[in-house]
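**Student:** Sharing a model prediction with you, sequence too.
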Amino acid sequence: MKISEYAVKNYQFTLVMFLMAVALGITTLFTMPRSEDPEVESPQYAIIVVYPGTSPKDMEELIVDPVEEKINELEDMKRVRTTISDGLAVFRVEYKYESDPDEKYQELVREINSLRPELPSDIYSLEINKFQPSDVNVVQIALISENASRTRMKYYAEELKDQLERIPLLKNVEIQGLPEQIVRIELRLEKIAQMHIPLDAIMGSLQSEMANIPGGSVEAGSKSFSVKTSGNYKSLEEIQNTIVYSANNKNIQLKDVADAYTTFEETKHITRLNGHRCVFVVAAQKPGLNITNTQKVYKPVLETFATTLPSNIDMVHHFDQADNVNGRLSGLGKDFLIAILLVSITLLPLGWRAATVVMISIPLSLAIGLVLLNLLGINLNQLSIVGLVVALGLLVDDSIVVVENIERWMREGHTRLDATLKATRQIGLAVVGCTVTLIIAFMPLVFLPEGAGDFIRGLPMAVIMAVLASMLVSITVIPFLSSRILKTHELADGNVFLRVLQKMIHGSYARLLDKALKYPIVTTVVAGLIFFGSLQLFPVIGFALFPASEKPQFIINTITPLQTNLEQTDSVSRYVERVVSKIPEVKFYASNVGKGNPRVYYNVSQENERTDFAQTFVQLDEHTSPDKKLEIINKLREEFRQHAGAKIEVKNFEQGPPVVAPVEVRLFGDNLDTLRALAGRVESMMQQTEGTLYVNNPVSNLKSDMRVVINQEKARMTGINTVDIDRTIRLAIAGLNVGNFSDAEGEDYDIYLTTPKQERATLASLDNLFVNTRQGASVPLDQIASLKLESSPLSINHYNKIRMVSISSFVKKGYLNDHVINDVVAKMETMKLPQGYSYMMGGDVEASNESFGGLGTVIIITVFMFVAVLILMFKTFKSMLIVLSVIPLGIVGAIVALLITGNPLSFVAIIGLIALAGVEVKNSILLVDFTNQLRQQGKSVDEAIREAGEVRFLPIVLTSLTAIGGLLPIALSTNPLIAPLAIVLIGGLISSTVLSRIVTPVVYKLIPPRI
């Protein structure tokens, strides 16, 4: 090849160019962004509407239906899932994945704002949030104290928040577990009634004092001055002295009819770390940054802040994603070094000089690959690093083939320079063809659709870039180095390792090949039977889309009976803490009562506020193995199964796109009662299905509400409007927010108007309530209204505007997801649903359909590109068929390897199968190409097959061994996401190397191409 000749003859230029590549690679390694997982941004948004005091049915009619109607009109809409509960509607809006996230966000904001006038005017809030992967918190810090006051805890939590917010690399710094500070004004209702003061007058006086009306500007001489008016309140004393009413020429101040004081909002989120009272401070990292460098910035800040805390407050930095990333990267770094060592061992038959030349291609190829990855905007994360480790076993292939061919020509008596140029020219086209087919094999993985494809994309891109770089290195730097470093062998047969290997090839392979060539049809039939037999193992190994995370972390969800109060839920949460604290491997357990733990994992969002929910985030010692973690999880599941009065679920973090649960049945229909009855039948069926765990039916119970029944006739007679009654009840229970003010120190306070009560309202809060008539007279509430218990749905769910109920389940250890799902689907097919009602499977079924949805088209393109490249290389269809005949033989080993290791066929394993095709074809190209060359030299078909089989066996075995050596550390790693990829490739390489070296020559004999 001319490029090889140019590189050898202009070696100074070649040397400078590749030294530059190494320097750039090293710089890129230390500067390129790095994170634990790939940064995947999808066009998904949440619209959150808060309308307090509105029932789910009213929310559906007033808010949800018009909003869904508007959203449904937008282009590229994929689906809208809506959850409706008391006073709250949450819309999860998903556009088609290929849509631009920023553009669609702007569109959604614009359309919802245009709809705003048609919605009720007294909606409390309407927010549109964008889902971003960078919103995952990278640090979670606990400020712990059993006796510090809330005010003191608030002061230090806000100090820490301020210091972290000053770090430009961080975002979304939040305090969790501490209620907001407010000013509470408790009205003495009986006194107000006696004095005939209308409630409107008190509210109006307070709100008018908080009005801040700018005065404008005036001119004085040549100057212009802004005129500032009195503005808002500045202190609590000013609030207390507000004149709220005038009667009999006497001003009545607020303090005469109410008590005003600073306090905290009602506690809705209780937080503890390792059983101790605490406040959490969390922060996320801005996108596109190196988390290791970010940690170097915030760690000194935390260390300095810890020294400023009083003796009764401790700071515990219990969660840090940077430690996980650094640990994972260092683990992969060790795998990398082990892989290099194994690769170097497999190169021993080439001799130390040849092995050195080949080994030089590793840092060169990786350096160029890293630079290319960085240019493509792919950061350093667990998947891109795995891609580089996978490439490690493949990128030396080209160099091995080139060096081995040069060595062979030198052993035949040619000079170094002559052998280098002739051998490279002979093998160059085959090397380029091998690399192109390998790149084509990984291409489908680059174009995988949806979030799963985006998530995995860094892996195939890392392989492609590194292999592309290795091809360039093998036809430029390797020939140049070979012409300088290699020397003529004293022994024509090579070193002792090569002689032993050659002896094994002659002793076993040559004899076996002779027998196979003698009975070609029998050999082909046996190979076919082995292949079809291996396909029967697919149902045995089963399918699971994504595995569980190997991180030594998991969560425990505590769900108490519907509408249980926070105190009762807290007592169950403390029981969970007592059980967890007895496990020696547990390092930290962060408890969150009334809300979920702050978001610390890429596909798990924080649960909203609920009094009947608690979550415990458990972190084990970092050296705990995944098997030990699963043992602890199963032990806890057994322990908590016996607990009466609450459902306690121990859940492992799962890899891949977020799903409600692996098994999910969605029921669709109009009538809520019918849906509820059907959901009960499905729930019962799933509980009886073997392998299901934590079956969840959100509509299994109805919620009890207390309705205020107004005697409309009496209310009209007394001149009282319904809104006055509703406002008075809200005043007594939740309090009325009449505004806010900032004190002299800049602290913001919301001002709540309410009645005297404890922190939480009880039925007693409704006693002695008075409602004002239009004339200012006070009428006792119990004279015009009464309380009545009624049942109502806990929530209403929509899926693309249709009412929907989702019944879900996790899968027990020892059962495969797809087996359990298939059982559920079979039972659902036999279940008769009323007319107008239907079902669909969500969970893993939906995620699988989306992950592989567009794969068919990509695979068709890949197959035809494979064929096109092979036709271009060999100019005959027969040669192409001979090369492709190796693919089924690799699948045999891949399936057997999965079966032996106990791994199901997963998303990543399928990726391995696709990539395996390229690796196998690469080896077959070398064999067929050399056989064709020998026939061109005048040798018969049988002679050419035998000689090519023996001569090419060595480089093929060496390239397979180096690939296996590079993949072995990943296959033995504890990461269940990436280990199946290496297992599939290793199994496939072993079977294809052993079987295809017999079958490919036999197929060649049966259909010899025209030369």
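**Tutor:** Looks like it came in fine.
**Student:** show me the residues around Glu68 that make contact.
**Tutor:** Residues near Glu68 by CB atoms under 8 Å, 6 or more residues apart in numbering: Val80, Thr82, Phe91, His798, Lys801. In short, each C-beta sits where N, CA and C put it, glycine included.
**Student:** Of those, just the buried ones, ChimeraX syntax please.
**Tutor:** Remark: buried members of the contacts of Glu68, expressed as a ChimeraX selection using 16 or more other CB atoms under 10 Å:
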select :80,82,91,798
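**Student:** mind listing what's buried in the host helix or strand of Gly433?
**Tutor:** Here Gly433 sits within helix 416-446, counting by DSSP states H and E. Buried residues in helix 416-446, defined by neighbour count with 16+ other CB under 10 Å: 416, 419-421, 423-424, 426-428, 430-446.
**Student:** now swap in stretch 1002-1010 and tell me
**Tutor:** Result for stretch 1002-1010 [16+ other CB under 10 Å]: buried residues Val1002, Val1003, Tyr1004, Lys1005, Pro1008, Pro1009.
**Student:** wait, doesn't the fourth one sit right on Tyr519?
**Tutor:** The reference is to Lys1005. No - using CB atoms under 8 Å, Lys1005 makes no contact with Tyr519, being 10.7 Å away.
**Student:** for Asp259, helix, strand, or coil?
**Tutor:** When classified by DSSP: H, G, I helix; E, B strand; the rest coil, Asp259 comes out as strand.
**Student:** ok, now which ones touch it?
**Tutor:** Ile185, Glu186, Arg188, Pro756 are the contacts of Asp259 under CB under 8 Å, 6+ apart.
**Student:** And Ile632, by the same measure?
**Tutor:** Ile583, Glu585, Leu620, Thr624.
**Student:** Which pLDDT value goes with it?
**Tutor:** Looking at Ile632, its pLDDT is 93.
**Student:** mind checking how far it is from Glu943?
**Tutor:** 64 Å (CB to CB, to the nearest Å).
**Student:** which residue ranges form the helices in the stretch 451-600 of the chain?
**Tutor:** 458-474, 477-485, 496-504, 510-518, 520-535, 538-541, 566-581 (DSSP state H, counting those that start in this stretch).
**Student:** from the chain's centre, how far out does the shortest one sit?
**Tutor:** In terms of CA atoms, centre = their mean, to the nearest Å, the gap separating the centre of helix 538-541 from the centre of its chain is 27 Å.
**Student:** got it, and the second one?
**Tutor:** Using CA atoms, centre = their mean, we find the averaged C-alpha position of helix 477-485 to lie 45 Å away from the chain's own average C-alpha position.
**Student:** please begin residue numbering at 605 from this point
**Tutor:** Done: numbering now begins at 605, and the last item shifts to helix 1081-1089.
**Student:** which helices and strands does that helix pack with?
**Tutor:** helix 606-613, helix 615-635, helix 956-979, helix 986-1015, helix 1020-1050 (3 or more CB pairs under 8 Å, 6 or more residues apart in numbering; DSSP states H and E).
**Student:** how long is stretch 795-804 from one end to the other?
**Tutor:** Stretch 795-804 has an end-to-end distance of 15 Å (criterion: CA to CA, to the nearest Å).
**Student:** which residues are contacting that stretch?
**Tutor:** Against stretch 795-804 from outside (CB under 8 Å, 6+ apart): 791, 806, 848-849, 851, 856, 861, 1328, 1331-1332, 1335, 1374, 1376, 1380-1382.
**Student:** go on, stretch 1536-1546?
**Tutor:** 1030, 1121, 1478, 1483, 1547-1548, 1551-1552, 1608-1609, 1612-1613, 1615.
**Student:** Straight-line length of it, end to end?
**Tutor:** Terminal residues of stretch 1536-1546 are spaced 12 Å apart (CA to CA).
**Student:** Buried residues of it, list them for me.
**Tutor:** Quick answer for stretch 1536-1546 (16+ other CB under 10 Å): Asn1536, Gln1537, Leu1538, Arg1539, Lys1543, Val1545.
**Student:** got it, and stretch 1177-1194?
**Tutor:** Ser1177, Tyr1179, Val1180, Glu1181, Val1183, Val1184, Glu1189, Val1190, Phe1192, Tyr1193, Ala1194.
**Student:** Dump these into JSON lines; add pLDDT and distance to Arg1285 as well.
**Tutor:** Output for the buried residues of stretch 1177-1194, formatted as JSON lines (pLDDT from 0 to 100; distance: CB to CB, whole Å):
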{"residue": "Ser1177", "pLDDT": "93", "distance to Arg1285": "33"}
{"residue": "Tyr1179", "pLDDT": "93", "distance to Arg1285": "33"}
{"residue": "Val1180", "pLDDT": "93", "distance to Arg1285": "32"}
{"residue": "Glu1181", "pLDDT": "94", "distance to Arg1285": "37"}
{"residue": "Val1183", "pLDDT": "93", "distance to Arg1285": "34"}
{"residue": "Val1184", "pLDDT": "93", "distance to Arg1285": "36"}
{"residue": "Glu1189", "pLDDT": "92", "distance to Arg1285": "41"}
{"residue": "Val1190", "pLDDT": "93", "distance to Arg1285": "40"}
{"residue": "Phe1192", "pLDDT": "94", "distance to Arg1285": "42"}
{"residue": "Tyr1193", "pLDDT": "94", "distance to Arg1285": "38"}
{"residue": "Ala1194", "pLDDT": "95", "distance to Arg1285": "38"}
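**Student:** Can you tell me which of those lies closest to Pro1266?
**Tutor:** Closest approach between those and Pro1266, by CB to CB: Val1180, at 23.7 Å.
**Student:** The closest one is in contact with Glu1253, isn't it?
**Tutor:** No - at 10.7 Å, Val1180 and Glu1253 do not qualify as touching, with contact defined as CB under 8 Å.
**Student:** overlap in contacts of those two?
**Tutor:** Joint contacts of Val1180 and Glu1253 (CB under 8 Å, 6+ apart) are Ile1160, Thr1162, Phe1244.
**Student:** which pair in the buried residues of stretch 1536-1546 spans the largest distance?
**Tutor:** Gln1537 and Val1545 (13.3 Å).
**Student:** any chance of the buried residues of stretch 1536-1546 in TSV, plus distance to Asp1386?
**Tutor:** Formatted as TSV, the buried residues of stretch 1536-1546 follow (distance: CB to CB, whole Å):
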residue	distance to Asp1386
Asn1536	100
Gln1537	103
Leu1538	105
Arg1539	106
Lys1543	109
Val1545	105
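**Student:** any idea how far stretch 1509-1516 is from the chain center?
**Tutor:** With CA atoms, centre = their mean, you get 17 Å for stretch 1509-1516.
**Student:** Give me the contact list for that stretch.
**Tutor:** Stretch 1509-1516 has contacts (CB under 8 Å, 6+ apart) with 1049, 1056, 1060, 1063-1064, 1142, 1145-1151, 1260, 1455-1456, 1498, 1502, 1507, 1581-1582, 1584-1589, 1592.
**Student:** For Leu1576, grab phi and psi.
**Tutor:** Listed backbone geometry of Leu1576 is phi -90, psi 0, with angles given as degrees, to the nearest 10.
**Student:** On the pLDDT front, check the spatially closest residue to it that is not a sequence neighbour for me.
**Tutor:** With sequence-adjacent residues excluded and distances taken as CB to CB, 6 or more residues apart in numbering, Leu1576 is closest to Ala1583, at 7.6 Å. You'll see Ala1583 listed with a pLDDT of 84.
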